[in-house]
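Novice: Please work out how this folds:
(one chain, ligands or ions: 1)
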Amino acid sequence: MPQSADKILDHLPLFREPEYQELFKNKKEKYECGHSDEKVAEVAEWTKSWEYREKNLAREALSVNPAKACQPLGSTFAAAGFDRTLAFVHGSQGCVAYFRSHLSRHFKEPSTMVSSSMTEDAAVFGGMANMVDGLANAYSLYKPEMIAVSTTCMAEVIGDDLHAFIEQGRQKGSIPEDYDVPFAHTPSFVGSHITGYDNMMKGILEHFWEKQERTAGTALNVIPGFDGFAVANNREMKRMLDLMGVEYTILSDVSEVYDTPSDGEFRMYAGGTTKDQTKAALNAAATLSMQEYCTPKTLEYIASKGQTVASLNYPIGVAGTDAFLMKVAELTGKAIPAELTKERGRLVDAMADSMSWLHGKTYAVYGDPDFCLAMTRFILETGGEPKHVLCTNGSKSWAKKVQAVFDSSPYGKGCQVWAGKDLWHLRSLLATEPADFIIGSSYAKYLERDLQIPLIRLTFPIFDRHHHHRFPTFGYQGGLRVLVTILDKIFDTMDLNTNVAGETDYSFDLTR
Ligand code: SF4
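Specialist: Numbering: from 1, shown residues only. The predicted model follows:
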């Protein structure tokens, strides 16, 4: 065998060894009983045709590779941004393993959360016993200051009542009478992870604010929304708010818990919004959501308490950051300092320096609604064309908003927005109307290979590249990072396409 204890081969070279190749060949012939390679290739080609595209776009009852996750992923992410808070998901263990692995694979950090481990008996008789035991175990083993409960499909299908179950937990002594257990029902068969984020954020605020009277103050609350770049983006946001001299509270700040140092100490909880800050946030003058589509119910609730509320669409690039700073200035009365104005000028300068390479490039963008809006705007700022903008969890009103951004620029002419479509739809769109680049998550690497369209990874989840989330995409500084990420891919692609000696290397230039 090619594998030996003296020289351990990684699976990449190992599976290319003749023994393994023979094994794969035999397996295919004897057990897979599939169609011939020619037939498979023929059908694969047909699925790239306009005929197939029309059938695919007419599809109604099936999603294939949707670019979204289910509600509890968002609710547990929101909970993780509160100090010493344990996310507790009432439902089955496998779901929670999925949320944890999703977050850990992206952030390269441990992701703490627990489940009530419902199994078949709980599905039949209800999950109250699981909740009562689960709360007791979570409270005594992991010593959180607060347990934030949400649900999986299973608990929702059988109609478990979180409020009643948590009260049972108190009565049976699982947790102290006055212990904080905010909760949110997060049925996974409606909405997506951004709905779950919204539900949990509202649940936590309601839990604390319903017991208080509001005394209007002058501070600003900021809600980041579900963001795979939150580690660096929240820090960048705080830096900009500090430069403006704003008194603020970030509601759900995951920048510490998903970026703990390696110094010999394991931190199950790190940083985040404290309970006192959350309570005091009721008295803020205003709340600003960085992602409109992550917070509709939360903002409605906050407005009902008497605060001014406003929302943005993920402040990437020049116009996105302008909107953020001007909104903060409007809500707080603070001026935008010269230092930030200078950063703006530097971003504009960098974009102008690279304009000849950016101009006219076409892109397919997919991701969450606010990310798509932000990237659409930024691409247009660079003179590029966001040819397809696709959002599985986007609504018709979201699509109208994207169309309005297209219409605001001559480069938006002919660009198309696709609400409620998935990545299998995107394959058809790109096979028939290709773009130069795809902007999305790691999941598009299969489209990249299949269609030979280079992928630029700029949104959650990024599993197959490391540490991107440690650099901001928000603000003018973040805009530079986004710009460089796009430019690097443009230049790498150009170098790859011009490197055959004596044939195409007349453009394999040292200076671009
Ligand atoms: S969709 Fe339902 S079953 Fe699947 S991971 Fe989400 S909660 Fe669990």
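
Novice: Please, where are all the helices along the stretch 401-512 of the chain?
Specialist: Per DSSP state H, counting those that start in this stretch, the stretch 401-512 of the chain has helices spanning 423-432, 445-451, 475-496. These are given in chain order.

Novice: where does H163 sit relative to F82, distance-wise?
Specialist: According to CB to CB, to the nearest Å, H163 stands 19 Å off from F82. (Glycine included, C-beta is placed from N, CA and C.)

Novice: Can you tell me the closest non-neighbouring residue to E177?
Specialist: Once its chain neighbours are removed from consideration, E177 has its nearest residue in R170; the separation is 5.6 Å (CB to CB, 6 or more residues apart in numbering).

Novice: helix, strand or coil for that neighbour?
Specialist: Reduced to three states with DSSP: H, G, I helix; E, B strand; the rest coil, the structure at R170 is helix.

Novice: and the gap between it and the ligand?
Specialist: Using CB to the nearest ligand atom, to the nearest Å, one obtains 26 Å as the distance from R170 to the ligand.

Novice: Same question for S262.
Specialist: Going from S262 to the ligand by CB to the nearest ligand atom gives 30 Å.

Novice: got the residues of the chain near the ligand?
Specialist: The interface of the chain toward the ligand, taken as CB under 6 Å from any ligand atom, is made up of 70, 72, 95, 98, 152-153, 188.

Novice: Going by neighbour count, which of the residues you listed comes out on top?
Specialist: Counting neighbours by other CB atoms under 10 Å, the top entry in these is P72, with 32 neighbours.

Novice: wait, isn't it in contact with T152?
Specialist: Yes. The pair P72 and T152 passes the contact test of CB atoms under 8 Å, sitting 5.8 Å apart.

Novice: How far off centre is stretch 405-421?
Specialist: For stretch 405-421, the distance from its own C-alpha centre to the chain's C-alpha centre is 22 Å (CA atoms, centre = their mean, to the nearest Å).

Novice: Can you mark which positions in stretch 202-217 are buried?
Specialist: By neighbour count, and taking 16 or more other CB atoms under 10 Å as the criterion, the buried residues in stretch 202-217 are 202-209.

Novice: try stretch 246-263
Specialist: Neighbour-count burial for stretch 246-263 flags 246, 248-260 (criterion: 16+ other CB under 10 Å).

Novice: Determine which two of those are furthest apart.
Specialist: The span of the buried residues of stretch 246-263, defined through CB to CB, is set by V246 and T260 at 26.9 Å.

Novice: rewinding a little: for the helices of the stretch 401-512 of the chain, which one sits closest to E29?
Specialist: Nearest to E29 among the helices of the stretch 401-512 of the chain is helix 445-451 (24.9 Å), distances taken as CB to CB.

Novice: Would you mind pulling up the elements that the closest one packs against?
Specialist: Using 3 or more CB pairs under 8 Å, 6 or more residues apart in numbering; DSSP states H and E as the contact criterion, the secondary-structure elements in contact with helix 445-451 are helix 423-432, strand 455-457.

Novice: can you rerun that using 10 Å?
Specialist: Helix 445-451 is packed against strand 362-366, helix 423-432, strand 437-440, strand 455-457, with contacts defined by 3 or more CB pairs under 10 Å, 6 or more residues apart in numbering; DSSP states H and E.

Novice: Give me the contacts around it.
Specialist: Around helix 445-451, the neighbours that count as contacts under CB atoms under 10 Å, 6 or more residues apart in numbering are 44, 47-48, 65, 364, 366, 423-424, 426-427, 430-431, 434-435, 437-438, 440, 444, 453-457, 463-465.
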